[in-house]
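Q: Structure for this input, please:
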Amino acid sequence: MEWAGADGADSFWRAGHEWRSDNRPARVAGWSRCSVGGRSGPCGRARPPRGALPALTLAFALPDAVTNGVAVTPEGRIFAALARIDGSAGPRVVEIRDSRPVPFPDETWNAFTDGADAARTLVWVNSLRIGPDGDLWLVDTGSPGFGQPMRPGGCKLVQVDIAGARVRRTIPLDGVVTGKSFIDDVRFNGGRAYLTDAGAPALVVLDPVTGRGRRVLEGHPSVTASRPISAEGRIVRGPDGAPVYVHADQLEVSPDGAALFYQSCTGPLWRVPTRLLDDPGIAPASLAAAVEIVADTPPTGGTAIAADGTLFVSDTDAQRIVRIAPDGTASTLIQDPRLLWVDAMWIDSHNRLWLPAAQLNRLAVFQGGRSRVRFPVEVYTLQLEVGPAPNDHR
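A: Model prediction:
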């Protein structure tokens, strides 16, 4: 996740809120509109679903670290990315074994220090996921901490053999980044990988076999944050006091592989046909013309997509999970004060939605140098009625 300060108005509108000059949202009446699958419906203030809300189950807790993403194998092995936004030392990726975090794939890959070979260590892993091939894929930003430049060779996609606990290969991303880039997350679709650049707004289309990639929709409104991120009702501000803008961040591939959904952290959610993304000969204007808005989403930490096309979107202001059905209907799946900045979610083979309550807005870098994170940092699960999209993972 990129945390880039930028000048912006102190008062602006977004879904269901009016922002005042004191940086607090004033709830307003009415619905904002969204459309999924060509149908429109209310989205900004999601209606609660009928019946009792599901209950959270605590999966594990970290006593002294923050996780902003988890991935779980069908056999139940749990992997977590530790958010080293502050540049602190320690493991970047862990496996949870007997409720304890263990560096994965090994301690050597997790032993980055300044001066180390950034191409052979994990610098700052912002996201991880188990791909359709069953391997663990890590998105390494290459930056050792907030506001620090990428280290040479550090920005990469790392493929890890889970069974053997070894790195199969690394794919350098030097050819698809700029000096302001922050490669944020990845999704797979057949022979392609799609990545978001939250620092220099763009999508990246990558061939994992050859390692060749290209930037698309660079600077397009769909990848550019028009308002700063907020959490717990307040705009998040960087060390310099400037509002934090997070550009292209979340992304999901539709279960049929035909569309890519993506957004900045403050929405709205957009989609584009993957057949056009995958065409290296398409004119930039033609690709841009095919982009359409799906939903006016709340400030978001993470997303997930289910096998039936349902999208799950976390709301960092209201500590809730919004469910957007394929017909465009939006509802609150659950709202709970423990869901503080739910980041990258995961749906496992047992139809459980994993919810890492990352509390990223409470980190010291966004709190004037004094952390407000409440330890332990907790990861919850929530039982769903549907499993993961099979083209995404098992």
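Q: And the next helix or strand past the lengthiest helix in the chain?
A: Across the chain, the longest stretch assigned as helix under DSSP state H is helix 284-289. Downstream of helix 284-289, the first helix or strand assigned by DSSP states H and E is strand 292-295.
Q: Now do that next one, average pLDDT.
A: Averaging pLDDT along strand 292-295 gives 94.
Q: quick one on the thing from earlier: any idea how far the longest helix of the chain is from the chain center?
A: 25 Å (CA atoms, centre = their mean, to the nearest Å).
Q: pLDDT of it, averaged?
A: Rounded mean pLDDT across helix 284-289 is 98.
Q: Are there helices or strands packed against that helix, and which ones?
A: helix 274-277 (3 or more CB pairs under 8 Å, 6 or more residues apart in numbering; DSSP states H and E). In short, each C-beta sits where N, CA and C put it, glycine included.
Q: ok, and what's touching the helix it packs on?
A: Outside helix 274-277, the residues that touch it by CB atoms under 8 Å, 6 or more residues apart in numbering are 189, 192, 194, 203, 205, 216, 253, 257-260, 282, 286-287, 290.
Q: any idea how far it is from the chain center?
A: From the chain centre to the centre of helix 274-277 is a distance of 21 Å (CA atoms, centre = their mean).
Q: How about the contacts made by P273?
A: P273 makes contact with A258, A259, A290, according to CB under 8 Å, 6+ apart.
Q: lowest-confidence helix or strand of the protein?
A: strand 13-14 (a mean of 26; mean pLDDT, DSSP states H and E).
Q: Return the set of buried residues in the longest helix of the chain.
A: L287, A288 (16 or more other CB atoms under 10 Å).
Q: Dump stretch 71-82 to CSV, keeping only the CA atoms.
A: The C-alpha trace of stretch 71-82 is given here as CSV (Å, rounded to 0.1, in the frame of the first residue of the first chain):
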residue,chain,number,x,y,z
ALA,A,71,-3.4,-16.7,2.7
VAL,A,72,-4.5,-20.2,3.6
THR,A,73,-3.9,-23.5,1.8
PRO,A,74,-6.7,-26.1,1.4
GLU,A,75,-4.8,-28.1,3.9
GLY,A,76,-5.0,-25.3,6.5
ARG,A,77,-1.4,-23.8,6.4
ILE,A,78,-1.6,-20.1,7.2
PHE,A,79,0.8,-17.5,5.9
ALA,A,80,0.8,-13.8,6.8
ALA,A,81,2.6,-10.7,5.5
LEU,A,82,3.9,-8.5,8.3
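Q: State the mean pLDDT of it.
A: 98.
Q: what's next to it, contact-wise?
A: Stretch 71-82 has contacts (CB under 8 Å, 6+ apart) with 59-60, 62, 65-70, 90-96, 101, 104, 125-130, 134, 136, 138, 162, 344, 346, 348-349, 354, 356, 379, 393-394.
Q: Excluding residues flanking it in the chain, which one is nearest V386?
A: A306 (4.4 Å; CB to CB, 6 or more residues apart in numbering).
Q: Measure how buried that neighbour is and give me the count.
A: 23 (other CB atoms under 10 Å).
Q: hmm, back to that, can you say which of the contacts of stretch 71-82 are buried?
A: Here, 16+ other CB under 10 Å leaves 59-60, 62, 65-70, 91-96, 101, 104, 125-130, 136, 138, 162, 344, 346, 348, 354, 356, 379, 393 buried among these.
Q: PyMOL command to pick out the buried ones of the contacts of helix 274-277?
A: Those of the contacts of helix 274-277 that count as buried under 16+ other CB under 10 Å are selected in PyMOL with:
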select buried, resi 189+192+194+203+205+216+253+257+259+260+287
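Q: what's the closest of the contacts of helix 274-277 to N110?
A: Ranked by distance to N110 (CB to CB), those are led by Y194 at 26.5 Å.
Q: ok, then the element right after the helix or strand hosting the closest one?
A: In the assignment (DSSP H and E), Y194 maps to strand 192-197. With elements assigned by DSSP H and E, the helix or strand that comes after strand 192-197 is strand 202-206.
Q: and that next one with strand 192-197, angle?
A: 150 degrees (axes from the mean of the first three to the mean of the last three CA atoms, to 10 degrees).
Q: Buried residues, the helix or strand just after strand 202-206. List them.
A: Moving toward the C-terminus from strand 202-206, the next helix or strand (DSSP H and E) is strand 213-216. Across strand 213-216, burial judged by 16+ other CB under 10 Å covers G213, R215, V216.
Q: likewise stretch 72-81?
A: Those would be V72, T73, R77, I78, F79, A80, A81, for stretch 72-81 by 16+ other CB under 10 Å.
Q: and what of stretch 304-311?
A: Across stretch 304-311, burial judged by 16+ other CB under 10 Å covers A304, I305, A306, A307, G309, T310, L311.
Q: how much space between the first one and G145?
A: Pointing back at A304 there. A304 is 27 Å from G145, where distance means CB to CB, to the nearest Å.
Q: Same check on the third one?
A: A306 is 34 Å from G145, where distance means CB to CB.
Q: And for V244?
A: 15 Å.
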